[in-house]
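Engineer: Predicted model and sequence below, questions to follow.
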Amino acid sequence: MATNLSSRIDTPTNISLSSSIPISDSLEYKTVSVFLVLLVCGVGIVGNIMVVLVVFTTRHMRTPTNCYLVSLAIADLTVLVAAGLPNVADSLTGTWIFGHAGCLGITYLQYLGINVSSCSITAFTVERYIAICHPMKAQTMCTVSRAKRIIAGVWIFTCVYCLLWPFLVDIQVYQDQHVECGYKVKRELYLPIYLIDFAIFYVIPLLVAIVLYALIARILYLSPLPNHSDSTATTLRRSCREASEASRTGRQGRTKSAHSSRKQVTKMLAVVVILFAVLWMPYRTLVLINSFMSSPYLDAWFLLFCRTCVYANSAINPVIYNAMSQKFRSAFRGLYSCQRLEGNHRTLSTIQSGFGTIRDPRPAQANSNGTDEKVKRVVLGTSTNPKTKQPESGHPKTPTVNGMSGDHCTDVGPAAMSCGKGPEKTMADDDQQLD
């Protein structure tokens, strides 16, 4: 397919396509382009993979909000791999090297990742609004199972929607044998589609986020915490009153802690939305302006800046989680120490098995006075009468498990078992898991 330079200039800038002008052959441009893209994409790929791993491997991280963050991380990975890495190849070779199938597939994956990212941001914004502004509805609506169904619906819808883009692009071979992946239809055909895509996946999500986060801020920062009255304290005995006050103080502390956690999580998600808007703005603005100009602005260095901002948006989210969420920070550290802990467990198991195989070289002798049997009973914690096989004391004993009473706990391995009844799981605890 041969075209002239004028038709190439008519093509607007798009993240899924090569630059509409020949890539600069200067060593300076290639060095800066390759270095920036590889740095941003490398950090983003590693960070988003870690987000997916910590949520899948850590039970307390499996919350509705984190499910949406996993969807966002996978979408960002798609953008970085399908847009950033081909851009490195373009900078090094100066031409499209992935052929016709690569042009269609890479274009599809790029739009898929971009649009799923936008939908995931909108989804967790709505989830945060319901969880904070409508806590009663959140009991049934903000669940992990519902979040998974919403995420599946988002991916299915976006996969179907993005099927349109491969029909609009194709490789273009110019007279100088330069190959590009570009639009194969006229501007009048693809411009309305692009504007609809721009409105659905950029303008509308930002408007929704602005409105919902304003409502969330009103609840979090303008509404006071509920005040627990002490109207019935005077009618109780002093001991009961003290117990009630202690219980009420504990509830107030959990409420304040949950309130603080909600603020922190909301701040983190708001930062994600703000960076999405800011980092996409140069590229979106440039494409929107160029779409209506007869001579588009296609400076190579500014195009590199716009693309780097897009890649940075997909790479920076894990950095935000690590900086603003104690839970994510601890989970990220846990990934590094996982292998070391497994090695320690294997060493401990080997030592224990070695002690278990040691035997007394002297032959076992029957002790007529039953000393060995008494020692065994003392070790097991059950002093029994050999005739009745019942505890000598008249008081009933609790059943034993592995020689320990049910009222106690034993340290098994690196982590101790919990004793008795575990702490009640409250709504405040669920909120704190997000922080």
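Structural biologist: Looks like it arrived, so ask away. Numbering: from 1, shown residues only.

Engineer: Could you tell me which residues make contact with the closest residue to Val116 other than its chain neighbours?
Structural biologist: Using Cβ to Cβ, 6 or more residues apart in numbering and skipping the chain neighbours, the partner closest in space to Val116 is Ala75 (3.8 Å). Bear in mind the C-beta positions are built from the backbone N, C-alpha and C, glycine included. Ala75 is in contact with Leu112, Gly113, Ile114, Val116, Ser117, Ser120, Ser314, counting by Cβ atoms under 8 Å, 6 or more residues apart in numbering.

Engineer: Wait, the second one touches Gly84, no?
Structural biologist: No. Assessed by Cβ atoms under 8 Å, Gly113 is found out of contact with Gly84, at 10.6 Å.

Engineer: who wins for neighbours among the contacts of Ala75?
Structural biologist: Within those, neighbour counts (other Cβ atoms under 10 Å) peak at Ser314, which reaches 30 neighbours.

Engineer: from memory that one sits against Val79, does it?
Structural biologist: Yes. Ser314 is within contact range of Val79, at 4.6 Å (criterion: Cβ under 8 Å).

Engineer: all strands for the stretch 51-200 of the chain, in order.
Structural biologist: Secondary structure of the stretch 51-200 of the chain (DSSP state E, counting those that start in this stretch): strands at 169-173, 179-183.

Engineer: got the angle for the first one vs strand 179-183?
Structural biologist: What it means is strand 169-173. Relative orientation of strand 169-173 and strand 179-183, computed by axes from the mean of the first three to the mean of the last three Cα atoms, to 10 degrees: 140 degrees.

Engineer: List the buried residues for strand 169-173?
Structural biologist: Neighbour-count burial for strand 169-173 flags Val169, Asp170, Ile171, Gln172 (criterion: 16 or more other Cβ atoms under 10 Å).

Engineer: Show me what it packs onto, helices and strands only.
Structural biologist: With contacts defined as 3 or more Cβ pairs under 8 Å, 6 or more residues apart in numbering; DSSP states H and E, strand 169-173 has these neighbours: helix 99-133, strand 179-183.

Engineer: Over it, what's the mean pLDDT, rounded is fine.
Structural biologist: Mean pLDDT, strand 169-173: 87.

Engineer: Can I get it as CSV, trimmed to CA atoms?
Structural biologist: C-alpha atoms of strand 169-173 as CSV (Å, rounded to 0.1, in the frame of the first residue of the first chain):
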residue,chain,number,x,y,z
VAL,A,169,-5.9,0.2,10.9
ASP,A,170,-3.4,-1.5,8.6
ILE,A,171,0.3,-1.4,7.8
GLN,A,172,1.3,1.3,5.3
VAL,A,173,4.4,1.0,3.1
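
Engineer: Give the partner strands of that strand in its sheet and their orientations.
Structural biologist: strand 179-183 (antiparallel) (DSSP bridges).

Engineer: So which residues of the stretch 151-300 of the chain form helices?
Structural biologist: 187-198, 204-217, 238-290, 300-324 (DSSP state H, counting those that start in this stretch).

Engineer: In JSON lines: the ones you listed, plus distance to Leu163 and mean pLDDT.
Structural biologist: Formatted as JSON lines, those follow (distance: least, Cβ to Cβ, whole Å; pLDDT from 0 to 100):
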{"stretch": "helix 187-198", "distance to Leu163": "12", "mean pLDDT": "84"}
{"stretch": "helix 204-217", "distance to Leu163": "21", "mean pLDDT": "94"}
{"stretch": "helix 238-290", "distance to Leu163": "21", "mean pLDDT": "74"}
{"stretch": "helix 300-324", "distance to Leu163": "22", "mean pLDDT": "93"}
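
Engineer: which of those helices sits most buried?
Structural biologist: Counting by mean count of other Cβ atoms under 10 Å, helix 300-324 has the highest mean neighbour count of these, with a mean of 20.

Engineer: Now do it against helix 99-133, angle only.
Structural biologist: Using the same axes, to 10 degrees: helix 300-324 against helix 99-133 is 40 degrees.

Engineer: how about the helices in the stretch 1-150 of the chain?
Structural biologist: 5-9, 27-57, 64-79, 85-93, 99-133, 135-141, 144-161.

Engineer: Return the list of helices and strands in contact with the second one.
Structural biologist: What that stands for is helix 27-57. helix 64-79, helix 85-93, helix 300-324, helix 326-356.

Engineer: beta partners for the closest residue to His100 other than its chain neighbours?
Structural biologist: In this structure, His100 finds its nearest non-sequential neighbour in Ile171, 5.4 Å apart by Cβ to Cβ, 6+ apart. Under DSSP bridges, the beta-bridge partners of Ile171 are Cys181.

Engineer: Between the helices and strands packed on strand 169-173, which one is closest to Phe328.
Structural biologist: helix 99-133 (14.2 Å; Cβ to Cβ).

Engineer: buried set for the closest one?
Structural biologist: Those would be 103-104, 106-133, for helix 99-133 by 16+ other Cβ under 10 Å.

Engineer: closest one to Ile289 among the helices of the stretch 1-150 of the chain?
Structural biologist: Here helix 5-9 is closest among the helices of the stretch 1-150 of the chain (Cβ to Cβ), at 14.5 Å.

Engineer: what's the average pLDDT for that closest one?
Structural biologist: Mean predicted confidence for helix 5-9 is 37.

Engineer: any idea which of the contacts of Ala75 is closest to Ala270?
Structural biologist: Ser120 (14.9 Å).

Engineer: In a markdown table, list the strands of the stretch 51-200 of the chain along with distance to Thr158.
Structural biologist: A markdown table is the format used below for the strands of the stretch 51-200 of the chain (distance: least, Cβ to Cβ, whole Å):
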| stretch | distance to Thr158 |
| --- | --- |
| strand 169-173 | 18 |
| strand 179-183 | 21 |
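
Engineer: how much space between the closest residue to Val40 other than its chain neighbours and Cys181?
Structural biologist: Spatial nearest neighbour of Val40, excluding adjacent residues (Cβ to Cβ, 6+ apart): Tyr311 at 4.6 Å. Note on Tyr311: its distance to Cys181, by Cβ to Cβ, to the nearest Å, is 18 Å.

Engineer: what pLDDT does the closest residue to Leu72 other than its chain neighbours get?
Structural biologist: Among residues not flanking Leu72 along the chain, Ser120 sits closest, at 4.1 Å (Cβ to Cβ, 6+ apart). Listed pLDDT for Ser120 reads 96.

Engineer: Surely Ser120 touches Gly153?
Structural biologist: No. The pair Ser120 / Gly153 is not scored as a contact, 11.7 Å apart, by Cβ under 8 Å.

Engineer: now, among the contacts of Ala75, which is nearest to Cys162?
Structural biologist: Leu112 (4.8 Å).

Engineer: With respect to Val37, which of the strands of the stretch 51-200 of the chain lies nearest?
Structural biologist: Going by Cβ to Cβ, the one of the strands of the stretch 51-200 of the chain nearest Val37 is strand 179-183, 16.9 Å.
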